[in-house]
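Trainee: Using only what follows, build the 3D model:
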Amino acid sequence: MIFNGENIKVEIRGSSHAEKIEAIINGIPKDTKIDKEFLSCFMARRAPGKNSYSTPRKEPDEVIFTKGVKDYITTGGEIAATIYNTNTKSKDYTDNAFIPRPGHADYTGYIKYGETYDNVGGGAFSGRMTAPLCIAGAICISLLKEMGVEIISRVYSIGNVKDRGELLFTTAKKDFPVVDDTVAPLMIKEIENAKENGDSVGGIVEVSVKNFPAGIGGPMFMGIEGKLSYALFAIPAVKGVSFGSGFSGTKIRGSKNNDPFYVQNGKIRTKTNNSGGILGGISNGENINFKVAFKPTPSIAKEQESVNLKTMENVKFSVKGRHDPCVVVRAVPVVEAAAAIVLYDMIKGEK
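Mentor: Numbering: from 1, shown residues only. Below is the predicted model:
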């Protein structure tokens, strides 16, 4: 799986229950210092098995650089980073290898790749593959920070429970990444209720990119929205992306949705930001704001209907294995990572 940017290329290798998963990264400048502590903390935000509302699969997600990095400084050229899978239980999947799980890529993977397709733990379609993505993303986040660009995010909603307040500051150091901490227990309860019923729940991640310079991007296929969406939809379980006022903008008139311009200290600003910081695919200097919708985790304990691909018979079964009842909380840094790769790729191209 490859992200082919104009200046940055990221290849993700491996699968959920393989010996290891890897990120191969090209385009990072020589002598870039990789902040070991930041990388470790960033990976920990995504790592599984930390609480009652995530999968019990525990993985340390230790990053080992095997190429292109010495003493956490890039040497130029290709970077190779490895994470070893240490806590796999493949038998949970092999017993039902030919029964596609509803909501998963088991069926479409089988149609596309035949019996050679490795669907154990979701294979290449698993959320596990976002771990190496986060390695590349963390490096790009640090590079953007050096330019003064900051990416902040939060859990906007879980099921019908919404966060309160405006996203103005990072929530990265919080145990539960919301603006209003009083909402966190309500969201956790929503997740745990779904889990207790053998079910799952989805939600929305919100991101704001601060201090991104104006003039980056272009019309049509060169636009920021399209390029960000390309990377964001690579994240398993993502089913929607909206910018600025998004779908809610369809319910108001243009006179309300348009962002009036004004001059402040010799700089052009907009009084509102319904455009999400992007006009005609080009950044306008305001915060780039977007939301990403995640579907409920398809792996659930409830009995479901499916088919046996070998016997062509209808069957009923429940999913085995260890799964998140909600992927949204762990997906927050993944969304940041995907956005950082795209935005650094675009800003690097303008320099």
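Trainee: CA atoms for contacts and neighbours, from now on please.
Mentor: Noted.
Trainee: Can you find the helix or strand of the chain with the lowest average pLDDT?
Mentor: The weakest-scoring helix or strand in the chain, judged by mean pLDDT, DSSP states H and E, is helix 91-94 (a mean of 56).
Trainee: For the longest helix seen in the chain, buried residues please.
Mentor: Counting residues, the longest helix in the chain under DSSP state H turns out to be helix 328-350. For helix 328-350, burial by neighbour count (16 or more other CA atoms under 10 Å) applies to 328-348.
Trainee: repeat for stretch 257-277
Mentor: 257, 259, 269-270, 272-277.
Trainee: Next, the distance between the ends of that stretch.
Mentor: Start-to-end span of stretch 257-277 (CA to CA, to the nearest Å) is 13 Å.
Trainee: returning to what we had before: after the least confident helix or strand of the chain, next one along is what?
Mentor: Following helix 91-94 in sequence order, the next helix or strand is helix 106-113 (DSSP states H and E).
Trainee: roughly how far is that following helix from the heart of the chain?
Mentor: 23 Å (CA atoms, centre = their mean, to the nearest Å).
Trainee: Next SSE downstream of that helix?
Mentor: Sequence-wise, the next helix or strand downstream of helix 106-113 (DSSP H and E) is helix 130-146.
Trainee: out of everything not next to it in sequence, what's closest to Ile21?
Mentor: Excluding the flanking residues, the one nearest Ile21 by CA to CA, 6 or more residues apart in numbering is Gly14, at 4.5 Å.
Trainee: residue contacts, that neighbour?
Mentor: Gly14 sits next to 20-22, 124, 129 when contact means CA atoms under 8 Å, 6 or more residues apart in numbering.
Trainee: Try it again at 10 Å.
Mentor: Counting by CA atoms under 10 Å, 6 or more residues apart in numbering, Gly14 makes contact with 1, 20-23, 82-83, 123-124, 128-129, 132.
Trainee: and it, how far is that from Ala23?
Mentor: Gly14 sits at a distance of 9 Å from Ala23 (criterion: CA to CA).
Trainee: Please apply the same query to Asp199.
Mentor: Applying CA to CA to Asp199 and Ala23 gives a distance of 32 Å.
Trainee: So for these two, which residue has more residues nearby?
Mentor: For Asp199 versus Ala23, the count of surrounding residues by other CA atoms under 10 Å is larger for Ala23: 27 against 20.
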